[in-house]
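Undergrad: Got a predicted model here, sequence first, then my questions.
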Amino acid sequence: MNDRAVELLEQYDIEVLRTRKGRGAIVCDTEKGCLIFKEYTGNDERAELQNRLLKTIAAAGMVQTESIVPNREGQLLVKDSEGNAYILKTWRDGRECNIYDRGECVQAVKLLARLHEAMELPADIPGLPIPFSPEKEYEKHNREIRKVRKFLKQKGQKQQFEISLLGACDYFLEQALEVTEDWVHYSDIFRSEGNAAVCGGTVAFCHGDYQYHNILMGTDGWFVVNFEKCLPDDPIRDLYLLLRKLLEKGNWSVSMGSDLLHVYETERPISARSRIDLYYRLAYPEKFWKIANFYFNSGKAWIPGKNQEKLDKLVAQEKEKQRFLNEVFREVRSLRK
């Protein structure tokens, strides 16, 4: 972040004592506590929605989260001479949730369930985003996997990673198509019941990026940050993302996954519909799509060795992942037969 952006802090009613670099941001020690100043890619309407959601969570008093600090004019965003927007939020120094500590993983899931209890907004608020559609997302991913496969088949001399990627394409594409077909079937049934995010006069929201980077342990306990990707969707979306990240690190441990689901349900029961939703989100080969899509949209003259490592790990874990889905979601799997 450049000096011109830092000068924008003069628009706020704060006294900055010290500044230091954070991850793509400036951490500010002020007389009002620790704040963080960073670039914001959304618009004013998006910031207003995020602010309203954060205030709703704060009012519930169940989970400590960031809050947005307005400038002297009451604006949530400030802009530099080039039109780039910035946002100032409360911050606490702390460490990220340790994904290798099972106890902290349990705390992260428990925290998420409590967070979801407070993440609802009136359905009639202006500028409400369209609820997320998994089937549209899957169909888009499937097209992109096909595009990668076609490109690799037509490519002449291939590097080792490209040979490995092409070798895995058919298996994971077939899996992706099967999951998408099944999900479309269930979404047709669910559509008659209404959107899962909408209940009565309220809309359920998700954090949108609930992973260990955004779950901090400070002197006052857990603190959740970076709500920029919040959106209306079945709250199971957040649980899916967290579980996938943790289970990939834990080699899809059945006992760990079962324990974490139990912890969430102890705080917030999961409906049959949401359990089916969670199963299909976990069953879809999103990690493979990410690897393939990253490759396709990057320079191909030199392919990082990390790409091969990620693909090898994904393939090596596939048997354990399927075992996890078979055992933990046995009742959902039986519906597919």
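TA: Everything's here; your move.
Undergrad: List the residues that contact residue 221.
TA: Contacts for residue 221 (C-beta atoms under 8 Å, 6 or more residues apart in numbering) come out as residue 64. C-beta here means a position set from N, CA and C on the backbone, and glycine is covered the same way.
Undergrad: brain fart, residue 257
TA: Taking C-beta under 8 Å, 6+ apart, one finds 243, 247, 324, 328 in contact with residue 257.
Undergrad: Name the member of those residues with the most neighbours.
TA: residue 243 (25 neighbours; other C-beta atoms under 10 Å).
Undergrad: what about stretch 296-316, average pLDDT?
TA: Computed over stretch 296-316, the mean pLDDT rounds to 93.
Undergrad: what about the strands in this protein?
TA: Secondary structure of the chain by DSSP state E: the strands cover 16-22, 25-30, 33-40, 77-79, 85-90, 95-96, 120-122, 198-199, 202-206, 215-218, 221-224, 231-232.
Undergrad: Turn those into a markdown table, including distance to residue 114.
TA: Shown next, in a markdown table, are the strands of the chain (distance: least, C-beta to C-beta, whole Å):
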| stretch | distance to residue 114 |
| --- | --- |
| strand 16-22 | 26 |
| strand 25-30 | 26 |
| strand 33-40 | 23 |
| strand 77-79 | 29 |
| strand 85-90 | 19 |
| strand 95-96 | 19 |
| strand 120-122 | 13 |
| strand 198-199 | 18 |
| strand 202-206 | 14 |
| strand 215-218 | 12 |
| strand 221-224 | 10 |
| strand 231-232 | 19 |
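Undergrad: Determine which of the ones you listed shows the lowest mean per-residue pLDDT.
TA: If those are sorted by mean pLDDT, strand 198-199 sits at the bottom with a mean of 62.
Undergrad: in this structure, which helix or strand is least confident?
TA: The helix or strand of the chain with the poorest confidence is strand 198-199; it has a mean of 62 (mean pLDDT, DSSP states H and E).
Undergrad: still on that earlier bit, of the strands of the chain, give the one that comes closest to residue 271.
TA: strand 198-199 (10.7 Å; C-beta to C-beta).
Undergrad: The strands of the chain: which one's closest to residue 143?
TA: The nearest among these, by C-beta to C-beta, is strand 231-232 at 22.1 Å.
Undergrad: so where's the stretch 51-200 of the chain shaky on pLDDT?
TA: Applying pLDDT under 70 to the stretch 51-200 of the chain flags residues 190-200.
Undergrad: hang on, the earlier thing: quick one: which of the contacts of residue 257 is nearest residue 309?
TA: Looking across the contacts of residue 257 and measuring by C-beta to C-beta, the closest to residue 309 is residue 247, at 18.0 Å.
Undergrad: just checking, that closest one touches residue 253?
TA: Yes - with contact defined as C-beta atoms under 8 Å, residue 247 counts as touching residue 253 (6.9 Å).
Undergrad: Mind listing the shared neighbours of the two?
TA: Contacts common to residue 247 and residue 253, judged by C-beta under 8 Å, 6+ apart, are residue 324.
Undergrad: The most centrally placed residue in the chain: what's it in contact with?
TA: With distances taken as C-alpha atoms, centre = their mean, the residue of the chain nearest its centroid is residue 209 (2.6 Å). Taking C-beta under 8 Å, 6+ apart, we find residue 209 in contact with 226, 228, 229, 241.
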